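Engineer: Make a model of this:
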Amino acid sequence: MKHSMHLPIALAASLLMVATHAPAQTTANSDRPSLKGSWQFRPRGTGCTEQYFFRSDGTLMVQSAHEVSESTYVLADQPERGGFYKFETQVTQTNGRHDCQGKQTPVGKQSSSYLRFQANGNRLILCREANLSACMGPLIRLKGRIGA
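Structural biologist: Sure, this is the predicted structure:
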C-alpha cells in the first residue's frame with residue numbers, strides 16, 4: 001500500500017498498530033459500521049498526528065498539524081466489491097494553515113475515494129480506487145473522545 005496519498009480534507013492519512021476492541025456502531029439503514037466519532041491517523045514520515053471528528057449529520061472536522069478543516073461527507077450504505085464503500089467529501093471551510101504534509105486544503109475541494117473498515121469497524125483505510133493499490137491508513141477509532 002502507498003502511504004503518501006494526499007486526500008483533500010487533509011486526509012494525508014498513513015500507520016498505528018494498536019486497535020481498540022469495543023464493537024463498532026452500525027447505522028440504522030445498513031450493516032456497515034458507523035463513522036461517527038473520533039479517529040486518529042499518523043502519516044508516515046511526518047511525526048504528525050491527524051484527528052478526524054465524524055458527525056452523524058454528515059459533517060467532518062479534521063485537524064492536521066496547524067490546519068483545521070470542515071467538510072461534508074457521504075458514505076455509501078452498501079459496499080462495492082471487496083468491502084469498499086464509496087466515500088465522497090467536499091471541504092466547506094478551513095483556517096488556511098498547513099497540514100501534516102505542509103499543504104493547504106482549499107475550500108470547495110471535492111474528493112471521491114473508497115473506505116474499507118477493518119478490525120470490527122475500529123480501523124479503516126482510504127483508497128483511491130476500490131482496491132488496495134493506493135491507500136492510506138489506518139485511521140484508528142478513538143474511544144472516550146469527543147464524538148465517540
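Engineer: So, low pLDDT: which residues of this structure?
Structural biologist: For the chain, the stretches with pLDDT under 70 are 1-30, 144-148.
Engineer: Give me the buried positions along stretch 49-67.
Structural biologist: In terms of neighbour count (16 or more other CB atoms under 10 Å), stretch 49-67 has its buried residues at E50, Q51, Y52, F53, F54, L60, M61, V62, Q63, S64, A65, E67. Where C-beta positions appear, they are placed from N, C-alpha and C, glycine not excepted.
Engineer: Of these, which pair is most distant in space?
Structural biologist: Spatial extent of those (CB to CB) is set by the pair F54 and A65 at 19.5 Å.
Engineer: follow-up on the earlier one: now the buried residues of stretch 49-67 in TSV, with distance to Q93 and secondary structure?
Structural biologist: Output for those, formatted as TSV (distance: CB to CB, whole Å; DSSP: H, G, I helix; E, B strand; the rest coil):
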residue	distance to Q93	secondary structure
E50	17	strand
Q51	17	strand
Y52	16	strand
F53	14	strand
F54	16	strand
L60	11	strand
M61	10	strand
V62	11	strand
Q63	13	strand
S64	14	strand
A65	17	coil
E67	11	strand
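Engineer: nearest to L75, of those?
Structural biologist: F54 (8.9 Å).
Engineer: Can you classify the nearest residue to that closest one once chain neighbours are set aside by secondary structure?
Structural biologist: Using CB to CB, 6 or more residues apart in numbering and skipping the chain neighbours, the partner closest in space to F54 is L35 (4.0 Å). When classified by DSSP: H, G, I helix; E, B strand; the rest coil, L35 comes out as coil.
Engineer: helices or strands next to the helix or strand M136 falls within in the packing?
Structural biologist: Assigned by DSSP states H and E, M136 belongs to strand 135-142. Applying 3 or more CB pairs under 8 Å, 6 or more residues apart in numbering; DSSP states H and E, one finds that strand 135-142 contacts strand 37-41, strand 123-127.
Engineer: So what are the sheet partners of it and their directions?
Structural biologist: The strands beside strand 135-142 in its sheet (DSSP bridges) come out as strand 37-41 (antiparallel), strand 123-127 (antiparallel).
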